[in-house]
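1. sequence? don't have it. structure:
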């Protein structure tokens, strides 16, 4: 990962937590769903240790929501994903790959069911708001599709429980994984879900009133202070070690769910219709030609990748590295790579072409740390 | 406009000209349609003088295209815009506001008609690719909607003609405004249009083979060298002086075309259907409540705005500044502002709340320089 200067304008939207993150010393940003999202505070590695060793708070407001309501809401949401949603309960989160008519991945959001025919689709980085709106208009569905005033703040790390208890009382820690409750804090309306983009445990607080972002941030910081909470962000070291994929990095519209290990989320035999059903049946029958796998890359510590790195075997192209990082816990370079089916076996040797030269690598299982 | 550090990853896509722009000394970037787009080289003001005084070359690959082909292509394109496209000719560009069912602006792209039922929609910053795909799926239209391998390189500035002649021969300078030709340069396939996001004159070269981006950049740089061509970017000083609006800055989905002076592009009486027709008829009948106008802001040189600045009159809210810059030619602070209809008259006085304090301002016509 390299770093450049970035020009801030109105178009690069600001999170409701933006001023608070500046005050907390944020140093780097990316743009995600047309919004600035923090990428590091102290350093990528210092933030990582705070996440895996204790507890951290993240501005992930850029995980924008698509709110879908109205009599046809369930139908529209189901049309967008191969996942079978027929048994989704109110108060439940579900990871839903979104596919187009060819089975290509358009996003990999988390769905929240707030009520019958009332959903939030908590997005990775693509305008599913406009895709859902387009389908609804084209079909004449009786739905309302909007981006509501909802902005997640994540509390992540093994020591999250006392912070959550200090904020909401002990009961909150009984909420199960991928379940949520509607609540409030000092009158600030929230949805609180046991979820988040790390494998270190924690919650996401979906702020439902953007005017109170800094107030919420400060409440969490104060409650977390006795427990050593630090500001952090979605962290590429932690997520690669843990096997968490990133839309736009590890998968794009060029990929189908089977290629990136999401086959178990595809119910091709369900009664309900969804875009990509026929294409995914065909892909499954024919078998995939490539798959995302892990790689351990030899040699000295490499920088993270700013673009995909080509992979070869005996001089012939053999896929690409999609995400790479130095793992402080393993003291190795680790990566995700999209490799042909001929190169999936654990222990297979390949060559990775980094900007600094060629280096050997070995196929490894995902996750790297569990 | 302030500046922060930005983390580059695969997800922040690279233009086919990326390596060439790095070699040419690009210093700043933004993200536009999920792609890194250069924002300055020497400095915003030095680049500006190169644009208005001579000739410049810009990496605007982030103006991604939506290619729509197939028997229903014309129908789909017309559904997305209030502009009447019934007389659009092959080889013609048209500026087409894209509206949703409420008349809200989703984008303000330039349409290129390459053949009957073969269009490119050259985008501002929002995923119209997914919107168009959604409508097509929902309606079951017989179209193909893709993002083709097409990346514009702009040549802008009053001295563009000799550079164009050196590249393509004298004939190219006979191409009229908003017309294009399909051609090639050293075998590199191109669409060459007289267009571009400045009022200084010039062309856009739509590269149709991304693998040859650096080659095209270098050919233009070599042909332009005797004429003093410099690398530059879409420039906020030039575009505000010239009255060019920026989607996401000066307009969003919260705005209808009438509010930002695009009423002349809305044919509400045309036979063809489009999304927003009924809503825009109602808005037109009721009259708009606010409108984008120019402001001259008093006092010393202000920095450009990173977010909208509130506007007030006698202590009461009276709209917001959407884009502001110091104008070197006028030696004044100039801006676009969304103001209530009560504050549209030229010469009206208001107060602008900048991050550095309150300052007086006066309503002014757009453009500031013509």
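-> Right, received. Where do you want to start? Keep in mind that what you see is a predicted model, and the values were worked out from it rather than measured.

2. For the rest of this, base every contact and every neighbour count on C-alpha atoms.
-> OK.

3. Within range of chain B, give me the residues from the stretch 51-200 of chain A.
-> A:101, A:126-128, A:130-140 (Cα under 8 Å from any Cα of the partner chain).

4. Buried subset of those residues as a ChimeraX selection?
-> Only the buried members of those end up in this ChimeraX selection, burial being decided by 16 or more other Cα atoms under 10 Å in any protein chain shown:
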select /A:101,126,127,128,130,131,132,133,134,135,136,137,138,139
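
5. In helices only, show me the residues of the stretch 51-200 of chain A next to chain B.
-> Secondary structure from DSSP state H places A:128, A:130, A:131, A:132, A:133, A:134, A:135, A:136, A:137, A:138, A:139 of those in helices.

6. Please state the offset of stretch A:220-233 from the chain centre?
-> Taking Cα atoms, centre = their mean, to the nearest Å, the mean C-alpha location of stretch A:220-233 is offset from the chain mean by 22 Å.

7. Touching it from outside, list them.
-> When contacts are defined by Cα atoms under 8 Å, 6 or more residues apart in numbering or on different chains, stretch A:220-233 is touched by residues A:21, A:24, A:38-41, A:47-48, A:50-51, A:54-60, A:159, A:162-163, A:166-167.

8. Parallel or antiparallel, which strands does the strand or helix carrying residue A:203 pair with?
-> Element membership of residue A:203 [criterion: DSSP states H and E] is strand A:202-207. Next to strand A:202-207 in the sheet, as set by DSSP bridges, lie strand A:151-156 (antiparallel), strand A:188-193 (antiparallel).

9. All the strands of the stretch 101-250 of chain A, in order from the start?
-> Counting by DSSP state E, counting those that start in this stretch, the segments of the stretch 101-250 of chain A that form strands are A:105-107, A:110-115, A:118-122, A:144-146, A:151-156, A:180-185, A:188-193, A:202-207, A:230-232.

10. about what we covered before: any idea which of the strands paired with strand A:202-207 is most buried?
-> Greatest average neighbour count among the strands paired with strand A:202-207 goes to strand A:151-156 (a mean of 29), per mean count of other Cα atoms under 10 Å in any protein chain shown.

11. so where do the helices sit in the stretch 201-350 of chain A?
-> According to DSSP state H, counting those that start in this stretch, the stretch 201-350 of chain A carries its helices in the segments A:213-224, A:236-242, A:277-286.

12. any idea of the pLDDT on residue A:4?
-> Among the per-residue scores, residue A:4 holds a pLDDT of 87.

13. how close does it sit to chain B?
-> When Cα to the nearest Cα, to the nearest Å is applied, the distance between residue A:4 and chain B equals 5 Å.

14. Let's see the pLDDT reported for the residue of the stretch 151-300 of chain A found nearest chain B.
-> Closest approach between the stretch 151-300 of chain A and chain B, counting by Cα to the nearest Cα: residue A:248, at 4.3 Å. For residue A:248, the pLDDT comes out at 97.

15. for residue A:155, same thing?
-> In this prediction, residue A:155 carries a pLDDT score of 98.

16. Please apply the same query to residue A:1.
-> Listed pLDDT for residue A:1 reads 59.

17. Next, count neighbours for residue A:261.
-> Here the count is done by other Cα atoms under 10 Å in any protein chain shown, and residue A:261 has 12 residues near it.

18. Now do the same contact list for residue A:138.
-> Taking Cα under 8 Å, 6+ apart as the contact definition, residue A:138 lies against B:134, B:135, B:136, B:137, B:138, B:139.

19. Identify the farthest-apart pair in those residues.
-> With distances taken as Cα to Cα, the most widely separated pair in the contacts of residue A:138 is B:134 and B:139, at 8.5 Å.
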